[in-house]
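Colleague: everything below, folded, please.
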Amino acid sequence: MTTMRTTLLAPFLLAALAACSSTEGTDPEPTATDAAATTDMTDAAQPNDPAAATSGMEKVEKTDAEWRAQLSPEEYRVAREGGTERAFTGRYWDTKTAGTYHCIGCDLPLFRSDTKFDSGCGWPSFFEPLEGANLVELRDTSHGMIRTEIRCARCDAHLGHVFTDGPPPTGLRYCINSVSLNLEADGQ
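Modeller: Predicted coordinates for the structure are as follows:
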C-alpha cells in the first residue's frame with residue numbers, strides 16, 4: 001500500500017517542487033556567503049561555511065533519540081531528514097497572525113510576519129530573514145534542480161529553500177515548511 005501511495009503521489013510532489021522553483025535547471029543567484037563555497041560543490045548538499053554563519057552561536061546537538069522524543073513524526077521527517085510537507089497543507093502557509101517565526105528544533109527566531117507574503121506556492125514565504133546569521137545556505141541538486149537549501153544555523157534543522165523570484169526590497173523568496181516553524185504571536 002505504501003509503495004502504491006508513493007507511486008501515485010510522486011508526480012504531484014515533483015510538480016509541487018517544480019512549481020515552487022522558478023530556478024529549475026539554472027544556478028540561483030549567488031549570495032555573499034555562496035561565493036567561496038560554490039567552487040567545489042558536489043551533487044550532495046554541502047554547507048557554504050557553517051562555521052562563519054554560526055560564529056558566536058552555541059550549536060544545539062542532540063541524539064537521534066532526543067530529536068525523535070522532541071518532535072512529532074512529521075516535524076522529524078522534515079526538519080531532521082530534509083523532507084517537504086505537502087503544499088497548501090501546513091499550519092502557516094496562509095496565516096496572517098503578527099509575530100515571530102522560530103525554529104521548531106531550537107526556538108531560534110528566524111522570520112517576522114511583516115516579511116511574509118503570499119507567493120502562491122503553498123508554503124509560507126518570506127522576503128527576508130530576521131537575522132541572516134541564523135540561517136545556513138546549502139547547494140541542493142536533488143530532484144533535477146539546482147536550489148539553495150536553508151537550514152537553522154543553531155540546530156541544523158531543514159527549513160526549506162530560498163529563490164531569487166521574491167518581491168522588493170530583497171527580490172528573495174524564502175519558501176519554508178510550516179512544520180519547521182513555531183509562530184510566537186505578538187503580545188504572548
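Colleague: am I right that His102 sits in a strand?
Modeller: Yes: looking at His102 with DSSP: H, G, I helix; E, B strand; the rest coil, it is inside a strand.
Colleague: disregarding residues adjacent in the polypeptide, which is nearest to it?
Modeller: Setting aside the residues directly before and after it, His102 is nearest to Asn182 in space (Cβ to Cβ, 6 or more residues apart in numbering), at 4.8 Å. (C-beta placed from N, C-alpha, C; glycine too.)
Colleague: where does that neighbour sit: helix, strand or coil?
Modeller: Under three-state DSSP, Asn182 falls in the strand class.
Colleague: residues touching it, list them.
Modeller: Contact analysis of Asn182 by Cβ atoms under 8 Å, 6 or more residues apart in numbering lists 101-104, 107.
Colleague: ok, 10 Å please
Modeller: Applying Cβ atoms under 10 Å, 6 or more residues apart in numbering to Asn182 gives the contacts 75, 91-92, 99-105, 107, 110.
Colleague: show me what contacts Leu159?
Modeller: 78-79, 101, 103-105, 110-111, 124, 129, 135-136, 149-152, 174-177, 179-181.
Colleague: how about the strands of the chain, start to end?
Modeller: Using DSSP state E, the strands of the chain run over 46-47, 99-103, 109-112, 116-117, 125-126, 135-140, 147-152, 158-163, 173-176, 181-185.
Colleague: reformat these as JSON lines; add mean pLDDT and distance to Lys62.
Modeller: Formatted as JSON lines, these follow (pLDDT from 0 to 100; distance: least, Cβ to Cβ, whole Å):
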{"stretch": "strand 46-47", "mean pLDDT": "38", "distance to Lys62": "19"}
{"stretch": "strand 99-103", "mean pLDDT": "98", "distance to Lys62": "13"}
{"stretch": "strand 109-112", "mean pLDDT": "98", "distance to Lys62": "19"}
{"stretch": "strand 116-117", "mean pLDDT": "96", "distance to Lys62": "29"}
{"stretch": "strand 125-126", "mean pLDDT": "98", "distance to Lys62": "26"}
{"stretch": "strand 135-140", "mean pLDDT": "96", "distance to Lys62": "17"}
{"stretch": "strand 147-152", "mean pLDDT": "97", "distance to Lys62": "13"}
{"stretch": "strand 158-163", "mean pLDDT": "97", "distance to Lys62": "15"}
{"stretch": "strand 173-176", "mean pLDDT": "98", "distance to Lys62": "21"}
{"stretch": "strand 181-185", "mean pLDDT": "97", "distance to Lys62": "17"}
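Colleague: which one of these lies nearest to Arg68?
Modeller: Taking Cβ to Cβ, strand 158-163 is the member of these nearest to Arg68, at 15.4 Å.
Colleague: thanks again, I'm all set now.
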